[in-house]
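Asks: Structural data only, the sequence is not supplied:
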C-alpha cells in the first residue's frame, strides 16, 4: 500500500471514530432524551479549541502569527480529558438556560442562536483562538513513540480505544433504569412528571454527559489534523450528525454506528469521486445536496432508521393476568403480548 493510500485510509478511520463518538453523543440527546440540540457542533468545537491551547505551548513561541489564551503544553491524554470537562461545563450553563422553561421547539431555536453567537464571538475576538484564521501547527501527541510512517496507525488505535471506552459508558446509560426513564420523558414528558420524575434534572444530566463526549470527539480530531478554525464548525455541521442518527436509527447505539459510517463517511466521500461538471464548486455542494435529500427520505419512508430502536418488553406478574384472556400460568408473558401488540 502506498504512503498516500495509507494516509487516506487512516484518515478515514480516524474520522469514522470521531463521527461515531459525535453520533453517540447526539443520539443520547435526541434519540434517548428527546433534546434537539442544534448547538451540538459548538460543544465539539469547544473540545477542539481546549485541546489545542493545552497542547500548542505559549503563543509567543510560534513567531507571533497565532494569538490564543492559555498556551500550555500538557501530555497526552490530559488535553482530551480536559476538553471533555470544559465541554460539559459549557453544556451545564447552556442547559440551565435552554432546558428549564422552554418547549422542545423553542429549545432547538435557542440552541441554534447560541451556536451562531459563539461562532461570531470566536471569529471576531482575535485573542481567544486567533480569530477567523483559527489555530494551526498543533503538535501530534505520542509521535515520539513510533516512526512517521507508523504514526497514523497508532492514532487509529488510540481512536478505537477511546471509542470502546466511551461505548461502555454510553451502553451503561442507555441500558440502565436511567436510560428507560429518559426514554419515558422523551415519549411522554407529562406522564413522566406525573410519576414523580424530575424531567429537567434528567435532561440536564444527559445534556452535560453527552456533550462531554462531543468535546472529546472534537479534541481527538484536532489532535490528529493539527488545525481548527471557525469555518470548521458552522451550524450546518450539526445537521450532518442529525442525519446520521436518523439514517442509522434513533435511540439505537448500533444504528448510530451504521449512520456514522454511511452519512459522514460513505455518502460524503462518494461525492468526492464525482467527475467535475457545471460551474466551479457545484460538485462540492453535492455533499450538502446528498445530506439534504437523505434526511427527508428516511423521515418519510424509514422514520426508525436502518437499525430501529428495539421494542422493550417487560415481564408481567401472573396475578395481573388473572381474569384476562391470557393464562395466569405464564409469568414470563410480556406487556406487549398481554395487550396483543406483538408483531
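Replies: Good, I have the coordinates. The model shown is predicted, which means the values in this text are computed figures rather than measured ones.

Asks: For residue 301, give me the pLDDT.
Replies: pLDDT recorded at residue 301 is 91.

Asks: do the same with residue 232
Replies: For residue 232, pLDDT reads 81.

Asks: mind checking how far residue 227 is from residue 52?
Replies: 8 Å (CB to CB, to the nearest Å). All C-beta spots, glycine's among them, are computed from the backbone N, C-alpha and C.

Asks: Likewise for residue 29?
Replies: Distance, residue 29 to residue 52, using CB to CB: 25 Å.

Asks: quick one, which of the two is more surrounded?
Replies: Ranked by neighbour count (other CB atoms under 10 Å), residue 29 and residue 52 place residue 52 first, with 30 against 24.

Asks: quick revisit: need the overlap of contacts for residue 227 and residue 52.
Replies: Taking CB atoms under 8 Å, 6 or more residues apart in numbering as the contact rule, residue 227 and residue 52 both touch 135, 138.

Asks: what's around the closest residue in space to residue 20 that isn't next to it in sequence, how many residues?
Replies: Counting by CB to CB, 6 or more residues apart in numbering, residue 260 is the residue found nearest to residue 20 once chain neighbours are left out, at 4.6 Å. Other residues within reach of residue 260, judged by other CB under 10 Å, total 28.

Asks: Then the one 3 residues further on?
Replies: Other residues within reach of residue 263, judged by other CB under 10 Å, total 26.

Asks: Please shift the residue numbers so they start at 709 in all later answers.
Replies: Sure, I'll start numbering at 709, so the last one becomes residue 971.

Asks: List the residues that contact it.
Replies: 948, 951-952, 955-956, 999, 1002.

Asks: The same query, at a cut-off of 10 Å, please.
Replies: Neighbouring residues of residue 971 by CB atoms under 10 Å, 6 or more residues apart in numbering: 727, 731, 948-956, 998-999, 1002-1003, 1006.

Asks: Can you say which of the residues you listed are buried?
Replies: Buried residues within the contacts of residue 971, counting neighbours by 16 or more other CB atoms under 10 Å: 727, 731, 948-956, 999, 1002-1003, 1006.

Asks: for the closest residue to residue 919 other than its chain neighbours, what are its contacts?
Replies: Of all residues not flanking residue 919 in the chain, residue 799 sits nearest, at 3.6 Å (CB to CB, 6+ apart). Residues near residue 799 by CB under 10 Å, 6+ apart: 737, 745, 747, 750-751, 754, 806-807, 912, 914-920, 922-923.
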